[in-house]
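Undergrad: let's see this in three dimensions:
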Amino acid sequence: MKTKHALLLALLCAAPSLAAAGQQATIADLAQITGLTQRQVQMVVGAHTAYAEYLTQYDYARRQFIRALGSDRYVELMAGNDIVLDNGKHFALASLEAGAPR
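TA: Prediction:
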């Protein structure tokens, strides 16, 4: 009985760190890492032409986005794969389509 309690206590203590290890990143996390606004990040990873500033800001925002993430992670992200950000969080464009919080 004591071993069950000890095991339960150990699992409860480890739960917060296990939960943090698999955290999903949001658009806000991408914006913070890339130095862009959330709107600029959405323009780069989403439908560009939905934004009035597309003609004047898209090229800058895309270059900054690639510079901050690295070209390999950018390609992986745009291919729909999960990437790991510098803060350890995972991000995938599919999570945005599924209705995950932005």
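Undergrad: buried sites along stretch 48-68?
TA: Counting neighbours by 16 or more other Cβ atoms under 10 Å, one finds that the buried residues in stretch 48-68 are 51, 57-58, 61-62, 64-66, 68. To be clear about C-beta, it is placed using only N, CA and C from the backbone, and glycine gets the same treatment.
Undergrad: ugh, typo on my part, it should be stretch 41-50
TA: Across stretch 41-50, burial judged by 16+ other Cβ under 10 Å covers 41-45.
Undergrad: any idea which of the buried residues of stretch 48-68 is closest to residue 84?
TA: Proximity of these to residue 84 (Cβ to Cβ) peaks at residue 68, which lies at 14.1 Å.
Undergrad: and the helix or strand where residue 68 lies, average pLDDT?
TA: Taking DSSP states H and E as the definition, residue 68 sits inside helix 54-69. Per-residue pLDDT values across helix 54-69 average out to 93.
Undergrad: how far away from the center of its chain is it?
TA: For helix 54-69, the separation from the chain centroid amounts to 17 Å (computed by Cα atoms, centre = their mean, to the nearest Å).
Undergrad: next: stretch 41-51.
TA: When distances are taken as Cα atoms, centre = their mean, stretch 41-51 is centred 16 Å away from the chain's centroid.
Undergrad: mind checking the end-to-end distance for that stretch?
TA: Across stretch 41-51, the straight-line distance between its terminal residues is 11 Å, by Cα to Cα, to the nearest Å.
Undergrad: tally of neighbours for residue 28?
TA: The tally of other residues near residue 28 (other Cβ atoms under 10 Å) stands at 12.
Undergrad: so it touches residue 38, yeah?
TA: Yes. Look at residue 28 against residue 38 with Cβ atoms under 8 Å: they come within range, at 5.9 Å.
Undergrad: pLDDT weak spots in this structure?
TA: Of all residues in the chain, those with pLDDT under 70 make up the ranges 1-22, 95-102.
Undergrad: any chance of the buried residues of stretch 41-50 in CSV, plus secondary structure?
TA: As requested, these are exported to CSV (DSSP: H, G, I helix; E, B strand; the rest coil):
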residue, secondary structure
41, helix
42, helix
43, helix
44, helix
45, helix
